[in-house]
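In: All I have is the shape, not the residue letters:
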C-alpha cells in the first residue's frame, strides 16, 4: 500500500508501547529499503485498495494464511486492472 515515506521518517524514533516500545516506523522504513515498491496502480488504486484490505482482514480474522490471501488478492487485482 502507498506509504508517506516522509511521515515514516519523522516518526521513526517514536516507540510504540503496544509493541514493547519498538520503533515500528523505523522497522517499516528498513523493510521498505529491502522491498521497494514495485506496483503502481495509478488511477485504479481506489478499486485495488479494498481488495488488499479484504486480504488483510482474512488473515487477521479468518486465519487464512497470508500467502493464500495475497495470492487471491493478486488474482482479483489483475482482473480489476484488466477491466
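Out: Done, it's in. In this text the structure is predicted, and so the values were computed from the model without any measurement.
In: domain assignment for the chain?
Out: 5-34, 42-82 (automatic domain parsing).
In: Format those domains as JSON lines; extra columns: mean neighbour count and mean pLDDT.
Out: Backbone N, C-alpha and C define where each C-beta goes, glycine included. As requested, the domains of the chain are arranged in JSON lines below (neighbours: other CB atoms under 10 Å; pLDDT from 0 to 100):
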{"stretch": "domain 5-34", "mean neighbour count": "12", "mean pLDDT": "89"}
{"stretch": "domain 42-82", "mean neighbour count": "13", "mean pLDDT": "91"}
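In: residue boundaries of the helices in this structure?
Out: 5-11, 24-34, 45-62, 66-82 (DSSP state H).
In: Can you add distance to residue 18 and give the ones you listed back as TSV?
Out: Shown next, in TSV, are the helices of the chain (distance: least, CB to CB, whole Å):
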stretch	distance to residue 18
helix 5-11	14
helix 24-34	9
helix 45-62	15
helix 66-82	21
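In: which one of these lies closest to residue 17?
Out: Nearest to residue 17, of all the helices of the chain, is helix 24-34, at 10.7 Å by CB to CB.
In: how much space between the closest residue in space to residue 65 that isn't next to it in sequence and residue 27?
Out: Closest residue to residue 65 apart from its sequence neighbours, by CB to CB, 6 or more residues apart in numbering: residue 59 at 7.5 Å. From residue 59 across to residue 27, the span is 19 Å (CB to CB, to the nearest Å).
In: Next: residue 79.
Out: For residue 79, the distance to residue 27 - CB to CB - is 33 Å.
In: got it, and residue 67?
Out: 21 Å.
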